[in-house]
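**Student:** Prediction below, plus the sequence it came from.
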Amino acid sequence: MPNTKSALKRARTSAIRRARNRSAKSAIKTYIRKFKDAVAQGDNDSARLLYAKISSLLDKAANKGIIHKNNAARRKSRLAAKLKNPA
């Protein structure tokens, strides 16, 4: 248990940020899973829409510091490669 007022506040804010970060990461993973399923089924239209959504989510997460900007760029690049060549 935190002993000082500042430590107590840090614990509170950390819990709030942790929940927000987990939510954002979970949403990204969910959309990536849907994207991979769409690519596997050959549904290019929905895969393109999902790719656009994923790109937006990754960029927002990188801007907020939830993930590193290079991590976002790498994921977008790999998904774009999958979209271009599903095999």
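**Tutor:** Cool, the structure landed.

**Student:** next helix or strand past whichever helix or strand Ser6 is part of?
**Tutor:** For Ser6, the host element (DSSP states H and E) is helix 5-41. Per DSSP H and E, the first helix or strand lying C-terminal to helix 5-41 is helix 44-64.

**Student:** Now stretch 19-32 - C-alpha only, PDB.
**Tutor:** Extracted in PDB, the C-alpha atoms of stretch 19-32 (Å, rounded to 0.1, in the frame of the first residue of the first chain):
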ATOM      1  CA  ALA A  19      -6.800  -0.200 -18.200                       C
ATOM      2  CA  ARG A  20      -6.800   2.200 -21.100                       C
ATOM      3  CA  ASN A  21      -3.700   0.700 -22.600                       C
ATOM      4  CA  ARG A  22      -5.000  -2.900 -22.300                       C
ATOM      5  CA  SER A  23      -8.200  -1.800 -24.000                       C
ATOM      6  CA  ALA A  24      -6.400  -0.300 -26.900                       C
ATOM      7  CA  LYS A  25      -4.100  -3.200 -27.400                       C
ATOM      8  CA  SER A  26      -7.000  -5.700 -27.200                       C
ATOM      9  CA  ALA A  27      -8.900  -3.800 -29.900                       C
ATOM     10  CA  ILE A  28      -5.800  -3.800 -32.100                       C
ATOM     11  CA  LYS A  29      -5.400  -7.600 -31.600                       C
ATOM     12  CA  THR A  30      -9.100  -8.200 -32.300                       C
ATOM     13  CA  TYR A  31      -9.000  -6.300 -35.600                       C
ATOM     14  CA  ILE A  32      -5.800  -8.000 -36.700                       C
END
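
**Student:** The helix or strand harbouring Leu83: how far from the chain's middle?
**Tutor:** Using DSSP H and E, Leu83 falls within helix 69-84. Computed by C-alpha atoms, centre = their mean, to the nearest Å, the chain-centroid distance of helix 69-84 equals 12 Å.

**Student:** just to revisit the earlier point, avg pLDDT for the helix holding Ser6?
**Tutor:** For helix 5-41, mean pLDDT rounds to 96.
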